[in-house]
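Undergrad: I'll drop the sequence and a predicted model, then ask my questions.
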Amino acid sequence: MEKLIITVGITGSRITRQQTPYIPILPEEIARSGIEAWRAGASALHIHVRDPETGLGTQNLSIFKEVADRIRDETDAILCLTTSGIPGRNLPVSERLQPLSLQPEMVSFDAGSINMGENVFLNPKEFLDALAKETLARGIKPELEVFEVGMAYTCLKYLERGLLKPPLHFQFVLGTPNGMPATAKSLLHLTEIIPGDSTWSVIGVGQGQFPMAMIAMTMGGHVRVGLEDNIFYSRGVLAKTNAELVERIVRIAREFGREIATPAEARNLLCL
Ligand code: ZN
């Protein structure tokens, strides 16, 4: 099997300090948490930033730059910056695309709209077209986030239209309230319909994180963990850092016989 690429969703845009005191909010906290996760064995860091005043997600370019600069100074991690915007707010396309100007190696591409709690996570055609074109123009690889099976087919349409370049890299997001459940059956179906030369990784949301990581590991896929997707280390026990979630995956992967990809090896596997 290929070496295992561990991606970390460091903070996301939704989790609050009320839910866990350990969620990184300030730019230096987000950067430090990412650097620790890289030291623990993560090769890719999926990054949202927060407004230091409100603690909520923001697409503010200077905050993205501060976090990216701090991480780039200390690590060789692959940076994957989010384009997902702010929950419940329909930001202009240009604002969502701002992080691309920092020339990260990857950006998220949420391949369709979906209900998320009280809000709709809007990813209409106008946004996806603009995002796909901008990634092509800048040579940035989209991380294709797929919450339900229609989004995988949307990616295949963009591939057909020449707006996505093969090989594709999918990040399956399983276990959101209105998306596909975090089950082996979901994952099996998704991996069967994507092009054979694709790479894929899986996010199990909440209690799905650990079991989905185990299934992906045995199927030859890659794994994302992190506080963005799951704030618990075990039942009733909050995870204190992103690094400890990474360390557990590293230990198990080694026992299982899957070596951990360094960032350089991950770049090769992902054809960056
Ligand atoms: Zn994210």
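TA: Here it is on my side, so go on.
Undergrad: going forward, measure contacts between C-alpha atoms and count neighbours the same way
TA: Noted.
Undergrad: I'd like to know how many residues surround Gln207.
TA: With neighbours defined by other C-alpha atoms under 10 Å, the count for Gln207 comes to 17.
Undergrad: for it, what are its contacts?
TA: With contact set as C-alpha atoms under 8 Å, 6 or more residues apart in numbering, Gln207 has these partners: Asn230, Phe232.
Undergrad: now do Ser62
TA: Contacts of Ser62 (C-alpha under 8 Å, 6+ apart): none.
Undergrad: tell me the secondary structure for it?
TA: Here Ser62 is recorded as helix under DSSP: H, G, I helix; E, B strand; the rest coil.
Undergrad: cool, Ser201 as well?
TA: Looking at Ser201 with three-state DSSP, the answer is strand.
Undergrad: Who are the packing partners of the strand or helix carrying Tyr158?
TA: Assessed by DSSP states H and E, Tyr158 sits inside helix 149-160. For helix 149-160, the packing partners by 3 or more C-alpha pairs under 8 Å, 6 or more residues apart in numbering; DSSP states H and E come out as helix 184-193.
Undergrad: Report the inter-axis angle for the helix it packs on versus helix 149-160.
TA: Here helix 184-193 points in a direction 10 degrees away from that of helix 149-160 (axes from the mean of the first three to the mean of the last three C-alpha atoms, to 10 degrees).
Undergrad: So for helix 184-193, mean pLDDT?
TA: Average pLDDT, helix 184-193: 98.
Undergrad: Would you mind pulling up the elements that that helix packs against?
TA: In terms of contact count using 3+ C-alpha pairs under 8 Å, 6+ apart, helix 184-193 is assigned the packing partners helix 149-160.
Undergrad: what residues does the helix or strand that comes right after the helix it packs on touch?
TA: Per DSSP H and E, the first helix or strand lying C-terminal to helix 149-160 is strand 169-174. Strand 169-174 is contacted from outside by 142-148, 180-183, 186-187, 198-205, 208, 270, using C-alpha under 8 Å, 6+ apart.
Undergrad: How about stretch 111-122?
TA: By C-alpha under 8 Å, 6+ apart, stretch 111-122 touches 87-88, 90, 123-124, 128, 144-147, 150-152, 154-155, 176-179.
Undergrad: let's go with 7 Å and repeat that
TA: Identification of contacts with stretch 111-122 by C-alpha atoms under 7 Å, 6 or more residues apart in numbering yields Pro87, Gly88, Asn123, Pro124, Leu144, Glu145, Val146, Met151, Thr154, Cys155, Asn178.
Undergrad: excluding its backbone neighbours, what's nearest Asp110?
TA: Once flanking residues are discounted, Asp110 sits nearest to Glu145: 4.7 Å by C-alpha to C-alpha, 6 or more residues apart in numbering.
Undergrad: before we move on, back to that, relative to strand 169-174, how tilted is the helix holding Tyr158?
TA: Using the same axes, to 10 degrees: helix 149-160 against strand 169-174 is 170 degrees.
Undergrad: Flag every buried residue along helix 149-160.
TA: Using 16 or more other C-alpha atoms under 10 Å as the test for burial, helix 149-160 gives Val149, Met151, Ala152, Tyr153, Thr154, Cys155, Leu156, Tyr158, Leu159.
Undergrad: Of all pairs in these, which one spans the longest distance?
TA: Spatially, the most separated pair among these is Val149 and Leu159, at 15.7 Å (C-alpha to C-alpha).
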